[in-house]
Structure formats: C-alpha cells, structure tokens
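J.: Sequence below, structure please.
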Amino acid sequence: MLLTSIIIYLAITVGIGVWSTRLVKSSNDFVLAGRSLPLFLSASALFATWFGSETIFGASSVYLEDGLQGVIEDPFGGALCLILFGIFYLRPMYRMGVLTIGDVFKRIFGRRIEFFASVFMIPAYFGYVAAQLVALSLVLGSITDLSLTEGILISSGIVVFYTFLGGMWAISITDFIQTTMIVIGLLWVAIMIAEEAGGISEIISKSPPESFQFFPDSNPISWINYFGAWIIIGLGSIPSQDIYQRVMSSKSEKVAVQSTYLAGGFYLTFGLLPLFIALGAKVLYPELYLENQQMLLPTMILAHGGLPVQIVFFGALISAIMSTTSSGLLAPAAIISENLIKPYYGEKLKDKSLLWILRANIVFVAIIATVIATMESNIYDLVAGASILMLVSLFVPLTAGLYWKKANSTGALLAMIVGMLAYLIADQFELTIQSHIIGLIFSILAMIIGSYAFPVRTITNNELS
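T.: Just a heads-up that it's a prediction; the model follows:
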C-alpha cells in the first residue's frame, strides 16, 4: 500500500509537469514562470529551495553527532541567505529584468565576466543535484529492493521528465503541493515522536548537553569557524541561479521581497523539525541510530509508524527532495543556455530554439549529476561543496558590483580566480581555519587590489573631440 501511494504521488507530479507545458510559451516562461507567481506560490517555491536531502537527511544525522553547532550551515545559514537576499540583493537585480544571474554579471561588468561567472557557477550544481538523487534513491530503496544506482537512475528520469516539460511553472506548482506535504508530514511525525517519548521535556532531558549548544567556545578560532559555518549557504548561495530564478519569478518586486522573508521564517521554523524528530528517534530507538544515521528517520517510520504516517512522511520526503532536484536541474541549464550558448549565436537564435536548448541542457546536467551521484553518497558534503564553490568565487564580485562604485571587471575576474585557487590550495592542508574562509578573504583582497590597480579609465570630452 505504501509503494502504491508513492507511485500515485509520483504520477500526479509528472501529470502536473505535463499540464504545465501549456503555460510555457517562451524561455522567460520556462525559466522564470513569466514573472507572474503570486505570493503563495513564490514563497513556497523559495521555502522549498534547500528543504530537501540536506535538511531532512544530512542535517539531522550531523545534528546527532555535533549538536546545533554542526548544523549552523543548514537550516540556520539557509534562512539567513533568504533574508539577506531580500534585504540587499533582490531589488537592484529584480529591476534589471533579466533572465539569469549570469545576465546580472553582464549588466554590471560586461560579457567577459558573464562568461567567467557562468563557468564558475555551473559545476557547483552537479554535486548539488547529485545529492538530491542520492537522497531520492535512499528513500526508494527503503521501501523497495532497488539498489542505490537503480534508485538514482529512476529518480533522475522522473525529475528530468516533469522539469523538461514545464520548467519553472512545473517547479512552482509542485512546490506548493510539496510544501504542504512537507509541513503536514513533519508535524505529524514530530507529534508522534513526542507522544511516544512521554513529552518534549523527556526527549530534552535524555539528550546530551551539546545538542542545544548554539554558540562556540570562547577561543577566537572557534568563533572564526563558527562564522564560516554561517556563510557557507548564508552567503555562498546568494550568487546562485536557483535562488535567483525562484525570487525573480514573483509577479512584482513587493511580492518577491515578502516571499524571501516568509520563506526564511518558514525555513528556520520547519527546518528545526527534522532535528527534533532525529533527536527523539535516537532517544527512543538507539539501535536504529547505530545502523545508518542518514537513514534514521525513514527507518524509524517504517519500523514504528503506522501506514497513514508512513504515507504522509514518505510523501513529504519525496516532495522535498524532488522540488530541490528540479530547481537544481533548471538553474545550470538556464546559465548554459542563456549565458554560454546564446551569446555565441547572437540575434540569430530565436526564442523557440532557445527553449529547446534549455530543455536539452536539463538532460545534460542530469546525466553528469547522475554519474557523480553513483560515485559519492554523502549528502551533506555534496551540498556544502556546491555552496562553497560559489562563496569563494562569485559572492564578492556580485556584492561589490552592486554596492561598490569602484568595482570593475578586472577586480571581479581576479576575485573569482584568486578566491577559488586560494580555497583549493588551502583545502589540501589541515588548517585551524576552514579553507573556504581563506578563499573568501583572498577573493575580497583580489577584488580590492584589482579594482584599484586597474581602474576604469574615463574618456574626457577633449579626447573625444
């Protein structure tokens, strides 16, 4: 019965993708849903941005090992990213009226930086999508006899199909349904766990003290690395296409801003539920915790939850992960199509042709992500790695380009290259300070030095005459 319910749910999702095709008339419809989403669709789409494998599987297992300090990156950093985006980044970018964040870089710094920003951004999504495919495979494997690889292939096929057809319209509509399922499922399971344990106070009393330690020790290195955990997603996901396309799909600037605040609040609130559920499951069923920490929640539900709870919980799991996967596929596909392929053809490329290029690139991204998923199965590491790549290369140029008048293309290019190289080199050593912090510092320095050393020369009227 559980498997039948999951199949029905997947069929409905695919059906929505097929129906959404009628709403897609142009590349703008496909990537940004025609900039026409109302508040409830826009907020639910933003809430669902990361509420997938990392939050439910990865963060819950890390939380049981390291407590709250281990999950500062997500959900706390995720909520921070949405709120900061709404306060500082949304308005100037929304008013540009462009299709991708690569176009934003072009508006600020020109075509050369558009190209390099796109090249730096795209690889981050391969690992990101791979993490979601691994998570979907784990869920399917827990209720069927599918191997990890078989589950990855089936999961990839399902998500590619409905994203290929409906683009951002399919993502937005399914996100609303999926967000509803997520909230109902997690609340139901959290209440069940609390009742079985004898109340929330019982779970808290039996938990180790570090489970609730939010701030680090007093030494400076701990605080620096604590800051580093906040910025992985908190700052690293700001220059990302998946956030951009969800925010810019809103029907107005006001709706877009409200969506970021609502989604940030929801993300922090409901992002804590998987942590509580995992803590309760560890207290109630320590033998399951020792088997496989990433699969603690689904294993616990299968072993100790009734059929109604199983259907709702696994529906919520699949909802969350599919939403994140579909957005992760569309984001790099849009960047490749709009910022790498379209400039090559110029005005010769018709919008209808661009729409089919977008769809083809969704398949291309899915193939690469599927290969990576079969090679690496640690969900938390896959997602964190994706955000770090954008943090050390793209965050500084985007921020400087929007808010620093002296920022120029040379500084932006140096910030991307030097930040990434510094991170990759530092990551090879066992340092007391996290390597992405070093990468970010070098990116900032390169932006400043490059902009001052190679200032944009202003042509005077005398030179023009």
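J.: Low-confidence stretches in the protein?
T.: Along the chain, the model assigns pLDDT under 70 to residues 52-54, 57, 289-294, 376-385, 457-465.
J.: Now the spatially most central residue of the chain: closest residue in space that isn't a chain neighbour?
T.: With the centre of the chain defined as its mean C-alpha position, the nearest residue by Cα atoms, centre = their mean is residue 50, 4.3 Å away. Ranked by Cβ to Cβ, 6 or more residues apart in numbering and with sequence neighbours excluded, the top spatial neighbour of residue 50 is residue 78, at 4.9 Å. All C-beta spots, glycine's among them, are computed from the backbone N, C-alpha and C.
J.: any idea how far the one you found lies from residue 306?
T.: In this structure, residue 78 lies at 31 Å from residue 306, with Cβ to Cβ, to the nearest Å as the measure.
J.: which one of the two has more residues nearby?
T.: Neighbours were tallied for residue 78 and for residue 306 using other Cβ atoms under 10 Å; the higher tally belongs to residue 78 (27 against 9).
J.: elements contacting the helix or strand that contains the more buried one?
T.: Assigning secondary structure by DSSP states H and E places residue 78 in helix 77-84. Packed against helix 77-84, as judged by 3 or more Cβ pairs under 8 Å, 6 or more residues apart in numbering; DSSP states H and E, are the following elements: helix 220-234, helix 253-271.
J.: okay, those helices in JSON lines with mean neighbour count and distance to residue 280 next?
T.: Written out in JSON lines, the entries for the helices and strands packed on helix 77-84 read as follows (neighbours: other Cβ atoms under 10 Å; distance: least, Cβ to Cβ, whole Å):
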{"stretch": "helix 220-234", "mean neighbour count": "18", "distance to residue 280": "24"}
{"stretch": "helix 253-271", "mean neighbour count": "20", "distance to residue 280": "16"}
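J.: still on that earlier bit, assign the residue nearest to the centre of the chain to helix, strand or coil.
T.: coil (DSSP: H, G, I helix; E, B strand; the rest coil).
J.: Same question for residue 451.
T.: helix.
J.: Quick one: residues contacting it.
T.: Residue 451 sits next to 400, 404, 406-408, 410-411 when contact means Cβ atoms under 8 Å, 6 or more residues apart in numbering.
J.: Kindly indicate the member of the residues you listed with the most neighbours.
T.: Using other Cβ under 10 Å as the neighbour definition, those reach their maximum at residue 411, which records 28 neighbours.
J.: Work out for me the element it sits within.
T.: In the assignment (DSSP H and E), residue 411 maps to helix 409-426.
J.: which helices and strands does that helix pack with?
T.: Other helices and strands packing on helix 409-426, by 3+ Cβ pairs under 8 Å, 6+ apart, are helix 101-109, helix 111-143, helix 379-393, helix 395-403, helix 435-453.
J.: out of the ones you listed, which comes closest to residue 299?
T.: helix 111-143 (6.8 Å; Cβ to Cβ).
J.: what angle do the closest one and helix 409-426 make?
T.: When axes from the mean of the first three to the mean of the last three Cα atoms, to 10 degrees is applied, the directions of helix 111-143 and helix 409-426 differ by 40 degrees.
J.: Run the chain-centre distance for helix 111-143.
T.: Per Cα atoms, centre = their mean, to the nearest Å, the displacement of helix 111-143 from the mean C-alpha position of its chain is 9 Å.
J.: go on, stretch 38-48?
T.: Its chain's average C-alpha position is 14 Å from that of stretch 38-48, according to Cα atoms, centre = their mean.
J.: Would you indicate which residues of it are buried?
T.: Across stretch 38-48, burial judged by 16 or more other Cβ atoms under 10 Å covers 39, 41-48.
J.: All set, thanks.
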